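**Student:** coords below, sequence missing:
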């Protein structure tokens, strides 16, 4: 059992353990970069991939299901943000703070970056997969965005 992150047939399949690592490194990066409302909604989507809260094998998302924005400028800015998050994660941002060595995480991040780079947000058909409520609270202990208002704590608190 695992989880799929992607765009249609172009996807990244991860085991439950791989998903946990992927979410950890994305959480560190998205928390460092989120600034605007769309960024914080994307951070909420990342937080909702927490298998401790959602269940193992019950997470993942398709880029085509996200609301990338109404205009080409909004869509371009949203895609640029996701690519920046992935670039920061690929540079091992704060990985030294993890209590484990994530040997395959860089490959996961690079593969997902390829998927995002090839994806055209104009092709999206948004559904309810993209959270309406952005993450705004910070987990003081772990210095990342908290899962509030969806649940207390962050992905690291739930371990």
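**Tutor:** Perfect, thanks for sending it. Quick caveat: nothing in here was measured; it's all calculated off a predicted structure.
**Student:** Assumed residue 135 was part of a strand.
**Tutor:** No. Using DSSP: H, G, I helix; E, B strand; the rest coil, the assignment for residue 135 is coil, not a strand.
**Student:** Quick check: closest non-adjacent residue to residue 133.
**Tutor:** residue 149 (5.7 Å; Cβ to Cβ, 6 or more residues apart in numbering). For the C-beta atoms, the positions are set from N, CA and C on the backbone; glycine is no exception.
**Student:** can you count the residues close to that neighbour?
**Tutor:** 13 (other Cβ atoms under 10 Å).
**Student:** same deal with residue 154?
**Tutor:** Counted with other Cβ under 10 Å, residue 154 comes out at 26.
**Student:** which SS state does it fall under?
**Tutor:** Under three-state DSSP, residue 154 comes out as coil.
**Student:** which SS state does residue 80 fall under?
**Tutor:** helix.
**Student:** How about the secondary structure of the residue nearest to residue 133?
**Tutor:** coil.
**Student:** I'd like to know how far it sits from residue 4.
**Tutor:** 26 Å (Cβ to Cβ, to the nearest Å).
**Student:** Residue 38 now?
**Tutor:** 23 Å.
**Student:** which of these two has more neighbours?
**Tutor:** Neighbours per residue, other Cβ under 10 Å: of residue 38 and residue 4, the larger number sits with residue 38, 21 against 13.
**Student:** contacting residues for the more buried one?
**Tutor:** 69, 74, 77-78, 81 (Cβ atoms under 8 Å, 6 or more residues apart in numbering).
**Student:** Filter the residues you listed down to the buried ones, ChimeraX style.
**Tutor:** Entered in ChimeraX, the line below selects the buried ones among the contacts of residue 38, by 16 or more other Cβ atoms under 10 Å:
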select :69,77,78,81
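**Student:** closest to residue 139 among the contacts of residue 38?
**Tutor:** Residue 139 has its nearest neighbour among the contacts of residue 38 in residue 81, at 20.9 Å by Cβ to Cβ.
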